[in-house]
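[1] Pasting a predicted model and its sequence here:
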Amino acid sequence: MVKSTNPNFLSPLSYKFVLKRTPNINFNVQTVRLPGLSLSATETATPFVTMPNSGKITFSPLAITFRVNEDMSDYLEIHNWMKGLGSPTSFTEYAALKQSTFGLYSDATLVINNSRRLSNISVTFIDMFPIELSDLQFTTMDVDVNYIECTVDFRFLRYEIGVLNS
């Protein structure tokens with residue numbers, strides 16, 4: 001029987017998420033879903049048996065949920081980025097996005113802390129861009145103030161997981 005070298009379980013409460021392109025969102029992140037991945041399979045026919053082969057990796061989207069601040073600057077960071085990528089009003093607008101400090105894509109880092117709240121694992125997402133921004137729901141029917149949250153999904157080239165010295 002193999003004995004675990006670390007008896008502590010991973011906590012979902014202690015992490016930090018930083019998306020370089022959107023500094024306003026970084027302070028308001030409520031949840032981050034570390035994407036899963038799947039490996040496609042192909043088959044090669046032989047005279048005797050069909051042999052399975054590994055294919056390509058496909059990543060699930062990265063989803064983050066954040067509380068929207070009252071001037072909506074965090075929401076607008078993603079909104080304007082998406083509009084610049086998918087629906088620019090002119091070639092000049094798209095060129096300006098491409099030539100901006102950040103370019104079309106952005107890297108992000110999720111730092112996961114250990115049970116002592118020290119940085120333990122880093123997950124770096126390479127060349128991210130937003131693909132879906134959720135609705136904002138305004139309502140007068142709540143008794144208490146439930147601050148508005150928004151979810152954004154990102155596609156990315158790949159992510160790399162590293163162990164930090166803590």
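    Okay, I see it. Residues are numbered from 1 along each chain as shown.
[2] Where in the chain is the helix or strand with the lowest mean pLDDT?
    Ranked by mean pLDDT, DSSP states H and E, the weakest helix or strand in the chain is helix 91-99, scoring a mean of 79.
[3] could you say what helices and strands it packs with?
    When contacts are defined as 3 or more C-beta pairs under 8 Å, 6 or more residues apart in numbering; DSSP states H and E, helix 91-99 packs onto helix 73-86. For glycine as for every other residue, the C-beta is placed from the backbone atoms N, C-alpha and C.
[4] Please compute how far the least confident helix or strand of the chain lies from its chain's middle.
    How far helix 91-99 lies from its chain's middle: 24 Å, per C-alpha atoms, centre = their mean, to the nearest Å.
[5] what's next to it, contact-wise?
    81, 84-85, 88, 103-104 (C-beta atoms under 8 Å, 6 or more residues apart in numbering).
[6] and that helix, which residues are buried?
    Within helix 91-99, the residues that count as buried by 16 or more other C-beta atoms under 10 Å are 94, 97.
[7] Kindly report the same for stretch 123-132.
    Residues of stretch 123-132 classed as buried: 123, 125, 128-130 (neighbour count, 16+ other C-beta under 10 Å).
[8] Could you pick out the longest strand of the protein?
    Scanning the chain for the strand with the most residues, using DSSP state E, yields strand 119-133.
[9] That one: partners in the sheet, and parallel or antiparallel?
    Applying DSSP bridges, strand 119-133 is found paired with strand 106-113 (antiparallel), strand 149-155 (antiparallel), strand 158-163 (antiparallel).
[10] Same list (those strands) but as a markdown table, adding mean neighbour count.
    Below are these laid out as a markdown table (neighbours: other C-beta atoms under 10 Å):
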| stretch | mean neighbour count |
| --- | --- |
| strand 106-113 | 19 |
| strand 149-155 | 19 |
| strand 158-163 | 12 |
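[11] Give me the neighbour count for Ser54.
    Ser54 has 9 neighbours, counted by other C-beta atoms under 10 Å.
[12] Distance of it relative to Thr46?
    17 Å (C-beta to C-beta, to the nearest Å).
[13] Next: Tyr159.
    36 Å.
[14] neighbours around the closest residue to Val111 other than its chain neighbours, how many?
    In space, Val111 comes closest to Lys16 once its chain neighbours are excluded; the distance is 4.7 Å by C-beta to C-beta, 6 or more residues apart in numbering. Applying other C-beta under 10 Å, we find 14 residues neighbouring Lys16.
[15] before we move on, the earlier item: from the contacts of helix 91-99, which one has the minimum pLDDT?
    Across the set of the contacts of helix 91-99, Pro88 stands lowest in pLDDT, at 77.
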